[in-house]
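1. have a look at this fold, sequence not included:
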């Protein structure tokens, strides 16, 4: 990569370059810019002849690969490196026409779905050996690196110093001792391929003539494979983001994500459509659920178990993960979390309320009666509802999950378990159907959802960590210091207040 490029720099200084559709040699002048959290590519064309008049230029073979409904992959050669833009959709255009001789200058604006930059172009079907990303604050999650500051003192006849030998060896007045422990690693399977995941932290020292000496921690996650496509590696990294977010009870976002073709060629993810550009969570050791670095063997097994989850459980985790990035409460956010709880409840309890054979006979009998009175259409609709009702209720799912929670979490977050479960079920039912009652109105449900959003999120994260076999060493400290947990500990409002 010739120069470091950031979105902040693109917002003020568009990147000029020569751009072409993947697989072609024809290049065009264009500029890559960033505004309102969206990346834009503006291309410039000169068209001469009869096709330059009106909108006839849209039939010109030169522009055809860029115009809707096509969404080509575009490669760019710039001073900052080789840029790859996926799914470049036509957004807008402007044209200036000249009658004699007939010509038109076209300014075409495209919006990609993803952008990469490096010393080579990125291709989705190419096999990659490694993906890595920086994880700011990961050393707090890992707890694998500890820096100890000591003053070095020589021993005397009356005093035996623990730092005597180091003092004699170095002659220094002070020392910074770095203790590095085993890093968690795991071998996982995802979408039929095998990967090795390493969570790594290391300490580095730098010196500046103006700023002096400083210590910094380099935190990264490394995913290696024998050869995986770009989408396959991205799927693994997304799962790791979710895993670390659950550990931290907060929004964790990977930064400076890059892929490696070989020992020389690399490319870095610059931007993705729909991916919130928010500061990554920096969690302190007393704010997280599990210090993974203190249990590297367990952490490795937990990561392996994480990737063995069913598609339903992955969906539930994704619902919780996405809500962690939302800074405000809403009905949609609460219902997403409630849906995640229902998915996990069904996953862990697949038992039927009634004997399946007898229940099927009862449904068939009901179908005949309903059809005789209301017709075939009504019979099909109502019997479908009957057949889907032979499973545990949402209240039972919540009760079963609550029963597996640590007593400390229940005491701090739920207080009265029966009242808590009742509030969750009533709030979810009222907001789902948008219909309240005299005892529990729509306004009351909306108010309760603000509290239950954080309570259910925190309890979900605790439940997932426990289900992965991780010891909740830091549960007490997390409940007191973690921002989400502190909000979750607030008591539910009293119904008497309404």
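-> Arrived safely, thanks for sending. Just so it is clear, the structure is predicted and the values come from calculations on it, not from any experiment. Numbering: from 1, shown residues only.

2. low-confidence stretches in this protein?
-> For the chain, applying pLDDT under 70 flags the ranges 1-4, 50-57, 276-282, 495-498.

3. any idea which helix is longest in it?
-> Assignment by DSSP state H gives helix 442-467 as the longest helix of the chain.

4. let's verify the residue located most distally from the centre of the chain: helix, strand, or coil?
-> When each C-alpha in the chain is compared with the mean C-alpha position (CA atoms, centre = their mean), residue 157 comes out farthest, at 59.7 Å. Under DSSP: H, G, I helix; E, B strand; the rest coil, residue 157 falls in the coil class.

5. residue 303 belongs to a strand?
-> No. Secondary structure of residue 303 (three-state DSSP): helix, not part of a strand.

6. any idea how far stretch 363-382 is from the chain center?
-> In terms of CA atoms, centre = their mean, to the nearest Å, the centre of stretch 363-382 is set 46 Å apart from its chain centre.

7. and that stretch, what's buried?
-> For stretch 363-382, the neighbour count (16 or more other CB atoms under 10 Å) marks 363, 367, 370-371, 379, 382 as buried. The way it works is simple: take the backbone N, C-alpha and C, and place the C-beta from them, glycine included.

8. now, the most widely separated pair of those?
-> Greatest spatial distance in the buried residues of stretch 363-382: 363 and 371, 12.3 Å, computed using CB to CB.

9. what sits against residue 450?
-> Residues in contact with residue 450 (CB atoms under 8 Å, 6 or more residues apart in numbering) are residue 329.

10. state the distance from it to residue 362.
-> Residue 450 sits at a distance of 41 Å from residue 362 (criterion: CB to CB, to the nearest Å).

11. also residue 351?
-> Going from residue 351 to residue 362 by CB to CB gives 18 Å.

12. look up phi and psi at residue 243.
-> Residue 243 adopts backbone torsions of phi -60, psi -50, taken as degrees, to the nearest 10.

13. doesn't residue 306 make contact with it?
-> Yes. Residue 243 lies in contact with residue 306 (CB atoms under 8 Å); the separation is 5.3 Å.

14. and these two? which has more neighbours close in?
-> A direct count of neighbours by other CB atoms under 10 Å for residue 243 and residue 306 places residue 243 higher, at 25 against 22.

15. go ahead and confirm residue 87 touches residue 71.
-> Yes. Applying CB under 8 Å as the test, residue 87 and residue 71 come out as touching, 4.5 Å apart.

16. shared neighbours of those two, which are they?
-> With CB under 8 Å, 6+ apart as the test, residue 87 and residue 71 both reach residue 113.

17. stretch 46-62: end-to-end distance?
-> In stretch 46-62, first residue to last residue: 10 Å (CA to CA, to the nearest Å).

18. over to stretch 400-412?
-> Using CA to CA, one end of stretch 400-412 lies 18 Å from the other.

19. residues contacting it, please?
-> 341, 344-345, 348-349, 392, 414, 417, 420-421, 458-459, 462-463, 466-467, 472, 475-476, 479, 485, 489.

20. what do you get for stretch 430-445?
-> Counting by CB under 8 Å, 6+ apart, residues outside stretch 430-445 touching it are 331, 334-335, 338, 426-427, 446, 449, 495, 498.

21. same question, stretch 173-186
-> Taking contacts as CB under 8 Å, 6+ apart, the residues outside stretch 173-186 that touch it are 142-152, 163, 166, 196-203, 215, 292-293, 296, 299-301, 303-304.

22. buried set for whichever helix or strand comes after the longest helix of the chain?
-> Downstream of helix 442-467, the first helix or strand assigned by DSSP states H and E is helix 475-481. For helix 475-481, a neighbour-count test (16+ other CB under 10 Å) marks 475, 477-479, 481 as buried.

23. just put the residues you listed in a markdown table and tack on distance to residue 400.
-> Shown next, in a markdown table, are those (distance: CB to CB, whole Å):
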| residue | distance to residue 400 |
| --- | --- |
| 475 | 20 |
| 477 | 28 |
| 478 | 23 |
| 479 | 22 |
| 481 | 29 |
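
24. and of these, the nearest to residue 247?
-> Using CB to CB, residue 478 comes nearest to residue 247 of the buried residues of helix 475-481, at 10.0 Å.

25. so what's that closest one up against?
-> 249, 286-289, 485 are the contacts of residue 478 under CB under 8 Å, 6+ apart.

26. rerun at 10 Å
-> 248-249, 283, 285-290, 409, 458, 461-462, 472, 484-486 (CB atoms under 10 Å, 6 or more residues apart in numbering).

27. re the thing from before, name the residues contacting each of residue 243 and residue 306.
-> Counting by CB under 10 Å, 6+ apart, the common neighbours of residue 243 and residue 306 are 197, 317, 464, 468.

28. from start to finish, how long is stretch 95-105 in a straight line?
-> 6 Å.

29. the host helix or strand of residue 175 pairs with which strands, parallel or anti?
-> Assigned by DSSP H and E, residue 175 falls within strand 174-180. Take DSSP bridges as the rule and strand 174-180 pairs in its sheet with strand 145-151 (antiparallel).

30. buried stuff in the partner strand?
-> residue 145.

31. same check, this time on stretch 119-126
-> Result for stretch 119-126 [16+ other CB under 10 Å]: buried residues 120-123.

32. cool, and stretch 166-185?
-> For stretch 166-185, the neighbour count (16+ other CB under 10 Å) marks 166-167, 183-185 as buried.

33. with the residues you listed in mind, which one is nearest to residue 64?
-> Lowest distance from residue 64 to the buried residues of stretch 166-185 (CB to CB) belongs to residue 185, with 49.5 Å.

34. does residue 492 count as helix, strand or coil?
-> Secondary structure, three-state DSSP: residue 492 is coil.

35. so it makes contact with residue 415?
-> Yes. Counting by CB atoms under 10 Å, residue 492 touches residue 415, with 7.6 Å between them.

36. neighbour-wise, which of these two wins?
-> The residue with more neighbours, out of residue 492 and residue 415, is residue 492; 18 against 13, by other CB under 10 Å.

37. mind listing what the residue lying closest to residue 338 once chain neighbours are set aside touches?
-> The spatially closest residue to residue 338, leaving aside those adjacent along the chain, is residue 428, at 4.4 Å (CB to CB, 6 or more residues apart in numbering). Applying CB under 10 Å, 6+ apart, we find residue 428 in contact with 334-335, 337-339, 341-342, 394-395, 398, 445, 448-449, 452, 456.
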